[in-house]
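In: Pasting the sequence and the predicted coordinates here, then a few questions.
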Amino acid sequence: MAKRIDVADLNAYYGPTRAIEGISMTIEPRTVTAFIGPSGCGKSTFLRTLNRMHEVIPGARVEGKVTLDDVDLYGAGVDPVAVRRSIGMVFQRPNPFPTMSIYENVAAGLRLAGVKKKSELDDVVESSLKGANLWKEVENRLKKPGSGLSGGQQQRLCIARAIAVSPDVLLMDEPCSALDPISTTAIEDLISQLKSEYTIVIVTHNMQQAARVSDRTAFFNISGTGTPGRLIEIDDTSRIFANPTEKATEDYITGRFG
Ligand SMILES: Nc1ncnc2c1ncn2[C@@H]1O[C@H](COP(=O)(O)OP(=O)(O)OP(=O)(O)O)[C@@H](O)[C@H]1O
Ligand SMILES: [Mg+2]
């Protein structure tokens, strides 16, 4: 649980195009790190390189190194499926499996991993839904379709699904951008609770959200269309928002960008 991520000199490509360049950073366990920066600077791309989801896109590849504690995630013999199990992902649009019940949505990953015992599945479904702050709202409708939940509930269901397989890291790509303010608050509260057990990375366009939920903030930027995105700086969130080192960061967070 809750491992450290070390990234060294990472580049990611789509075909011949370099989308991100020279990214190095350390993400400490049991912290929340926010990724901010203008659209197209490569936040989602970088996030996907952290759990080997980038390479599933045809023609996409990665250079550089990502280590989880002391395991080189791109090392020979490392199974990308196992990497994705230990580094879970939550997407912008809640994407529960539409034909599956609430229960089956949470149990799906465990079933894939070969767990068959009903009592074990029941226990993990309950603890994951409790962990995602959804249990009270769904305990009497576990057999109903996940698609029947509200958007905010669906996003918490996706978080429950992600934590059911006991990941070490949770990556969230704009998890609140499709949600109303009340659901957003619920997810933000949940993130604050989950950080005692997980390493969390969240991409957000919402500066207030980055300031509220994260311990560290990484600012990414592009110098022009067609150029690769770069990490401009990463620091304690309080420092990034009060006194960033780079002028580009200050311009972005004060809305003077572009
Ligand atoms: N599947 C893809 N194939 C080719 N190019 C892609 C693909 N996905 C992203 N890109 C390109 O890579 C660059 C970075 O995109 P990315 O989605 O990572 O940016 P982002 O910072 O997440 O933007 P946003 O804030 O809009 O989500 C962009 O130029 C984008 O067009
Ligand atoms: Mg994105």
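Out: It's in. Not measured: the values here are computed from a predicted model. Ligands and ions are numbered 1, 2, ... in the order given.
In: Report the buried residues of the lowest-mean-pLDDT helix or strand in the chain.
Out: Sorting the helices and strands of the chain by mean pLDDT, DSSP states H and E puts helix 181-194 at the bottom, at a mean of 91. Neighbour counts over helix 181-194 (16 or more other Cβ atoms under 10 Å) mark 183-184, 186-188, 190-191, 194 as buried. In this view, the C-beta of every residue, glycine as well, is placed from N, C-alpha and C.
In: can you list those residues in a markdown table and add distance to ligand 1?
Out: Formatted as a markdown table, these follow (distance: Cβ to the nearest ligand atom, whole Å):
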| residue | distance to ligand 1 |
| --- | --- |
| Ser183 | 20 |
| Thr184 | 17 |
| Ala186 | 23 |
| Ile187 | 18 |
| Glu188 | 19 |
| Leu190 | 22 |
| Ile191 | 19 |
| Leu194 | 22 |
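In: And these, which is closest to Val201?
Out: Ile191 (10.5 Å; Cβ to Cβ).
In: which residues touch the closest one?
Out: 32, 172, 200, 202, 213 (Cβ atoms under 8 Å, 6 or more residues apart in numbering).
In: what about Leu121, distance to ligand 1?
Out: Noted for Leu121: a distance of 35 Å to ligand 1, by Cβ to the nearest ligand atom, to the nearest Å.
In: neighbours of that residue, just the number please.
Out: Leu121 has 18 neighbouring residues, counting by other Cβ atoms under 10 Å.
In: Below-threshold pLDDT in this structure: ranges please.
Out: Judged against pLDDT under 70, the low-scoring parts of the chain cover residues 257-258.
In: Apply 90 and report the result again.
Out: Counting by pLDDT under 90, the ranges of the chain that qualify are 1-2, 92-93, 112-113, 177-183, 186, 224-226, 255-258.
In: Next to ligand 1 in this structure, residues from it, please.
Out: 14, 19, 37, 39-45, 57 (Cβ under 6 Å from any ligand atom).
In: And the residues you listed, which two are furthest apart?
Out: Longest span within the residues of the chain next to ligand 1, Cβ to Cβ: Gly37 and Ile57, 20.4 Å.
In: which one of those two has more residues nearby?
Out: Each of Gly37 and Ile57 has its neighbours counted (other Cβ under 10 Å); Gly37 has more, 24 against 13.
In: which residues sit in contact with that one?
Out: Gly37 neighbours (Cβ under 8 Å, 6+ apart): 43, 219-221, 229, 232, 252.
In: rewinding a little: of the contacts of Ile191 - the most surrounded one?
Out: Result: Met172 is most packed of those (other Cβ under 10 Å), 28 neighbours.
In: mind checking the SS state of Thr33?
Out: Look at Thr33: counting by DSSP: H, G, I helix; E, B strand; the rest coil, its state is strand.
In: does it really touch Ala210, like I thought?
Out: No. If you go by Cβ atoms under 8 Å, Thr33 and Ala210 don't touch, sitting 9.6 Å apart.
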